[in-house]
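A.B. asks: structure of the sequence below:
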Amino acid sequence: MSQLVNIDQIRARNALDHHEVKADKDGTNGKKEGDNLSGYPSLIINNGLIATLAFSVDKGGQHERIASAIASHLNDRGVIKADNARSLRDALCRGESATLRQSTHEALAFLSYLKRFHR
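C.D. replies: Okay, here's the model as predicted:
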């Protein structure tokens, strides 16, 4: 019997695969790095995915690791071909608006799993 895998199972698997995105490490300025993960969806909603990726690449550290986890998930899902934060940012800048919309929607759904597993 073949097993059916739904999109939520794929999101959960990919979130669990990104164990380096931890919420329990101390970040800079006495802030917990988990604060970056919990606020990341708001950055996307308020500024857009491309702007958030540009910020993440510039900021580096935990922000870039979160963005790279998103890139890996989107690549695994076949939404867009990108293997890290920089390549995702560049691909979305060159791509179609429908791909950007789909990537944004899928990134937000993936982040909900990433946040659940890395508290």
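A.B. asks: from now on I want contacts and neighbour counts done on CA atoms only, so please keep to that.
C.D. replies: Noted.
A.B. asks: so residue 99 versus residue 79, what's the distance?
C.D. replies: Residue 99 sits at a distance of 7 Å from residue 79 (criterion: CA to CA, to the nearest Å).
A.B. asks: ugh, typo on my part, it should be residue 42
C.D. replies: 21 Å.
A.B. asks: check which residues of the helix or strand residue 42 falls within are buried.
C.D. replies: Assigned by DSSP states H and E, residue 42 falls within helix 34-47. The neighbour-count check on helix 34-47 (16 or more other CA atoms under 10 Å) flags 34, 36, 37, 38, 40, 41, 43, 44 as buried.
A.B. asks: thought residue 110 was touching residue 11, still the case?
C.D. replies: Yes. Residue 11 is within contact range of residue 110, at 5.5 Å (criterion: CA atoms under 8 Å).
A.B. asks: got any residues that touch both of these two?
C.D. replies: Residues touching both residue 11 and residue 110 (CA atoms under 8 Å, 6 or more residues apart in numbering) are residue 73.
A.B. asks: and the strands in this structure?
C.D. replies: Under the criterion DSSP state E, the chain contains no strands.
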